[in-house]
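>>> Generate coordinates for the sequence data below:
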Amino acid sequence: MNQPTLVIGNVNWFKYASPQTFYPLAGAAIPWFGWAAAALCAAGLYVGFFVAPTDFQQGESYRIIFIHVPAAWMSMFIYVVMAFWAGVGLAFNTRLSGMMASALAPTGALFTFVALWSGALWGKPTWGAWWVWDARLTSELILLFLYFGFMALQAAIDDPRRADRAGAVLALVGVVNIPIIYFSVQWWNTLHQGASVSLTRAPTMAATMFTGMILMALAAWMYSIAAALHRSRSIILERERNADWIGQAARRERP
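Take a look at the predicted model:
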C-alpha cells in the first residue's frame with residue numbers, strides 16, 4: 001500500500017506524520033519554544049504587574065487577569081486542537097495524531113485548573129465569593145472534567161490504538177462545550193464580565209494592560225507547544241520502544 005501524499009510547495013507533509021521523522025524535529029524545536037515562553041512570560045509579568053496602571057474599579061486585584069485570561073483562552077484552544085488531532089487520527093488512522101492528542105491533554109487540564117483557581121482568587125474580592133454556579137464557571141469546570149475523562153479513558157485501555165479511538169470519540173463530543181463557555185456571558189445572565197478583548201472591536205482596556213495580556217497569552221502558547229512536543233516524544237518512546245530507529249535516535253542525542 002502506497003503512503004498517501006500531501007504536497008504543498010514541493011514538501012510532502014505526510015512525511016512528518018511518521019513518528020520517526022517527527023521525533024528529532026520535536027527535539028530540536030523544544031528549546032526554541034521553551035526559551036520563547038520564558039522570555040515572553042517574564043516580559044508579560046513585568047508589564048502586567050509593574051507597568052500597567054491600577055484599575056479604577058477593581059484596584060490591584062484586577063492584575064490576576066494577566067494569568068487568568070490567558071489560561072482560560074488556552075484551556076479552550078488546546079481542547080479544540082486536541083479534538084482536531086484526535087479526529088484526524090480517528091479518520092485517517094495515523095499514529096502520530098493520537099499521540100499528539102494524548103500529549104496535549106495534560107497541558108489543557110493544567111490551564112483549565114489555573115483558570116478556575118485564578119478565577120476564584122479574582123472572584124472573592126470582586127463578587128464576594130470564591131465560587132458561584134455561574135454559567136461560565138460551570139462550563140469551564142465541565143471542561144476540566146472532559147480533560148480528566150479523556151486521560152482516564154485512555155489510561156483504562158491497554159491497547160494504545162483502541163485507547164486513541166475511544167478518546168477521540170469523547171474529545172469530539174466534548175467540543176460542543178467550547179462555544180458554550182465562550183458565549184455563556186451572552187446567552188445567559190451571569191456574574192462573569194464580558195470579554196474585554198474581541199476580534200470584532202477594539203480592546204476596552206488600557207494599551208499597557210492589553211500588551212501585558214497578549215504577552216502572557218503568547219507565553220502560554222509557546223509553553224503549550226514546548227510541553228506538548230516534549231510529552232509527545234515521551235509517548236513515542238513508550239509506544240515505539242521496540243522499533244530499531246528508537247535506539248539509533250537515542251544514541252544520536254546522547255551527549
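>>> Look up which helix or strand the spatially most central residue of the chain falls in, please.
Geometric centre of the chain, nearest residue: residue 78, 3.0 Å, by Cα atoms, centre = their mean. Residue 78 is part of helix 65-92, with elements assigned from DSSP states H and E.
>>> Packing partners of that helix?
Judged by 3 or more Cβ pairs under 8 Å, 6 or more residues apart in numbering; DSSP states H and E, the packing partners of helix 65-92 are helix 95-127, helix 135-156, helix 160-174, helix 177-187, helix 207-239. Yep, even glycine has a C-beta here, placed from its N, CA and C like the rest.
>>> tell me which residues of the first one are tucked away?
Neighbour counts using 16 or more other Cβ atoms under 10 Å place 95-116, 118-120, 122-123, 126 of helix 95-127 among the buried residues.
>>> Which strands or helices does that helix pack on?
By 3+ Cβ pairs under 8 Å, 6+ apart, helix 95-127 packs against helix 19-46, helix 65-92, helix 135-156, helix 160-174, helix 207-239.
>>> Indicate which one of those is closest to residue 58.
Of all the helices and strands packed on helix 95-127, helix 65-92 sits nearest to residue 58, with 9.1 Å by Cβ to Cβ.
>>> low-confidence ranges in the chain?
1-17, 185, 187-204, 242-255 (pLDDT under 70).
>>> circling back: switch the helices and strands packed on helix 95-127 over to a markdown table; also include distance to residue 57.
Converted to a markdown table, those look like this (distance: least, Cβ to Cβ, whole Å):
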| stretch | distance to residue 57 |
| --- | --- |
| helix 19-46 | 22 |
| helix 65-92 | 13 |
| helix 135-156 | 19 |
| helix 160-174 | 35 |
| helix 207-239 | 13 |
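>>> Please identify the most buried of those.
Each of the helices and strands packed on helix 95-127 was given a mean neighbour count from mean count of other Cβ atoms under 10 Å, and the largest, a mean of 21, is that of helix 65-92.
>>> so it versus helix 177-187, what angle?
Calculated by axes from the mean of the first three to the mean of the last three Cα atoms, to 10 degrees, helix 65-92 forms an angle of 140 degrees with helix 177-187.
>>> Between helix 135-156 and helix 65-92, find me the angle.
Orientation check (the same axes, to 10 degrees): helix 65-92 against helix 135-156 gives 50 degrees.
>>> Taking helix 95-127 as reference, get the angle to helix 65-92.
Here helix 65-92 runs at an angle of 150 degrees relative to helix 95-127 (the same axes, to 10 degrees).
>>> contacting residues around residue 182?
Counting by Cβ atoms under 8 Å, 6 or more residues apart in numbering, residue 182 touches residue 76.
>>> typo on my end, residue 216
By Cβ under 8 Å, 6+ apart, residue 216 lies in contact with 40-41, 44-45, 48, 66-67, 69-70.
>>> Do I have it right that residue 137 meets residue 119?
Yes. Contact criterion Cβ atoms under 8 Å: residue 137 and residue 119 qualify, at 6.6 Å.
>>> quick revisit: of all the helices and strands packed on helix 95-127, which lies closest to residue 183?
Per Cβ to Cβ, nearest to residue 183 of these: helix 135-156, 9.5 Å.
>>> Other residues contacting that closest one?
Helix 135-156 is contacted from outside by 72, 75-76, 79, 82, 102, 105-106, 108-109, 112-113, 115-116, 119, 131, 163-164, 166-167, 170-171, 174, 177-178, 180-181, 184-185, 187-188, 190, 192, using Cβ under 8 Å, 6+ apart.
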